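**Student:** Just to be clear, the model below is a prediction. Sequence and coordinates:
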Amino acid sequence: MDRPNSGSLDIARGISITVQGTANFYIGRASASVVPQPVLDAAPAPTLTLAVEKKLRFDPDYAHRPGYKPDFLGVTVPLPGVTNVRKPELLMKDGTPLVLKYHHYSLAMSKHRRLQLWSAVNVDYTPSKRRKERQEFGTDTWIPDPRIAGEDQIQDQELYDPAKKFDRGHIVRRDDTAWGNTADEEILANSDSFHFTNSTPQHEQFNRAAFGFHGLWGELENQIKSQSSNVGNKMSIFAGPILDDQNDIDHNFGGGPVKVPRRFWKVVLVVEEAATTPTLRAYGFVLDQSKAIDEFGLEEFSLGEFATFQVALTEITGDSGVTFHADVLAADTMPTAPHESKRIRIKSLDDVRIPVPGSSRKAA
């Protein structure tokens with residue numbers, strides 16, 4: 001193959017060059033009349049910044065977590081219990097029911113269902129005790145509780161990884177426990193809500209809207225706080241799934257069969273300071289997704305079909321097997337007379353029944 005003379009330019013050979021930005025090309029011998037010009041508008045080389053994922057920081061000291069405090073509201077509000085029928089399914093330790101303590105909350109597990117039967121959390125809304133926005137804590141990371149066997153808690157590989165439309169739903173909301181007298185306490189309390197013992201399978205629409213902080217279910221606490229007489233910045237909340245073996249949904253998401261709860265319950269407890277003697281109030285609620293599941297199927301049901309009810313605490317006990325101390329039952333805001341309704345459908349926050357101050361038993 002012939003090569004062109006080094007001193008000549010073969011015009012017959014086409015040259016196509018595509019560039020972005022400033023470029024100078026010199027072909028053949030450099031001429032004295034051709035002086036390379038400096039590039040005046042060259043942008044500085046970009047600086048490569050690596051985004052480091054921020055992770056949750058968990059407290060490694062499980063032995064000294066304080067858990068739920070019964071006297072948090074200034075009156076004694078004992079932990080829930082369970083009926084005799086439910087006691088055999090409780091996770092036990094050394095012959096007694098095991099209560100797992102975390103920062104600001106405690107819970108009891110069903111060994112049979114590998115989900116909690118009840119949880120109890122102390123909530124403080126004082127602004128100075130809430131320093132961080134959610135994203136500042138780090139990426140949500142769920143972990144097993146090392147104090148119990150992995151087989152006693154439903155984990156990612158069994159359900160949440162293979163499930164396409166189901167989330168790990170908080171029973172104790174991270175918004176409720178993410179506070180602290182110190183910044184460190186707030187951080188560790190936030191992380192503690194991300195244990196599998198505190199999760200339950202919830203449809204993505206259910207978890208992100210109905211159970212979310214701004215959904216109807218999540219706003220009930222705010223409604224009680226705003227409408228009740230001088231309850232301050234504190235609440236205690238009992239909550240859990242209603243574990244109904246006969247009616248819950250059997251489903252295999254790909255990691256083995258599990259039962260998905262249809263209903264959830266919670267009891268919001270506040271102390272009113274309007275009277276001379278502090279008055280304990282207890283508000284019970286049930287959220288039912290049965291109609292939505294039956295009509296649309298487990299993975300495609302409509303958010304609009306979730307039903308929320310304000311109910312008597314005795315009804316929660318009948319459905320869930322969770323019991324409440326006599327002082328809590330006496331503080332129930334729902335009617336107890338036989339002829340009065342013990343269930344109200346809540347379609348908006350205005351439907352929540354808030355009693356007239358001084359109309360119930362005073363806290364001991």
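**Tutor:** Structure received. Numbers count the residues shown, from 1 in each chain.
**Student:** What score does Val258 have for pLDDT?
**Tutor:** The model reports Val258 with a pLDDT of 80.
**Student:** Tell me, how many residues neighbour it?
**Tutor:** 20 (other C-beta atoms under 10 Å). From N, CA and C alone the C-beta is placed, and that goes for glycine too.
**Student:** Could you export the helix or strand in which it is found as PDB, CA atoms only?
**Tutor:** For Val258, the element it lies in under DSSP states H and E is strand 257-260. Output in PDB follows, covering the C-alpha atoms of strand 257-260 (Å, rounded to 0.1, in the frame of the first residue of the first chain):
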ATOM      1  CA  PRO A 257     -46.400 -19.900  53.400                       C
ATOM      2  CA  VAL A 258     -47.300 -17.100  55.800                       C
ATOM      3  CA  LYS A 259     -50.500 -15.700  57.200                       C
ATOM      4  CA  VAL A 260     -51.200 -12.000  56.400                       C
END
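**Student:** Strand partners (parallel or antiparallel) of that strand?
**Tutor:** strand 249-252 (antiparallel) (DSSP bridges).
**Student:** pLDDT on the partner strand, on average?
**Tutor:** Rounded mean pLDDT across strand 249-252 is 79.
**Student:** What of stretch 76-96?
**Tutor:** Stretch 76-96 comes out at a mean pLDDT of 93.
**Student:** what sits up against it?
**Tutor:** 68, 70-71, 97-99, 106, 108-113, 117-118, 120, 148, 152, 236, 238, 269, 280, 317, 321-325, 327-328, 364 (C-beta atoms under 8 Å, 6 or more residues apart in numbering).
**Student:** Need the buried ones from these selected in ChimeraX.
**Tutor:** With 16 or more other C-beta atoms under 10 Å as the criterion, this ChimeraX line picks the buried residues out of the contacts of stretch 76-96:
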select :68,70,98,99,106,108,109,110,111,112,113,117,118,120,148,152,236,238,269,280,317,321,322,323,324,327,328
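**Student:** doesn't Val267 fall inside a helix?
**Tutor:** No - counting by DSSP: H, G, I helix; E, B strand; the rest coil, Val267 falls outside a helix, being strand.
**Student:** how far away is it from Leu117?
**Tutor:** Val267 is 14 Å from Leu117, where distance means C-beta to C-beta, to the nearest Å.
**Student:** still on that earlier bit, narrow the contacts of stretch 76-96 to those in helices?
**Tutor:** Of the contacts of stretch 76-96, the ones assigned to helices by DSSP state H are Thr317, Asp327, Val328.
**Student:** which ones are touching the first one?
**Tutor:** I take that to be Thr317. Thr83, Thr323, Phe324.
**Student:** I'd like to know how far Pro201 sits from Thr308.
**Tutor:** Distance from Pro201 to Thr308, counting by C-beta to C-beta: 19 Å.
**Student:** nope, His103 is what I was after
**Tutor:** Here the distance between His103 and Thr308 works out to 28 Å (C-beta to C-beta).
**Student:** so where do the strands sit in the stretch 151-300 of the chain?
**Tutor:** Per DSSP state E, counting those that start in this stretch, the stretch 151-300 of the chain carries strands over the ranges 166-170, 199-203, 234-242, 249-252, 257-260, 263-272, 279-288.
**Student:** Make CSV out of the ones you listed and add distance to Arg345.
**Tutor:** Shown next, in CSV, are the strands of the stretch 151-300 of the chain (distance: least, C-beta to C-beta, whole Å):
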stretch, distance to Arg345
strand 166-170, 23
strand 199-203, 21
strand 234-242, 17
strand 249-252, 23
strand 257-260, 23
strand 263-272, 14
strand 279-288, 10
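**Student:** where among those is the average confidence lowest?
**Tutor:** Among the strands of the stretch 151-300 of the chain, strand 166-170 scores lowest, at a mean of 72.
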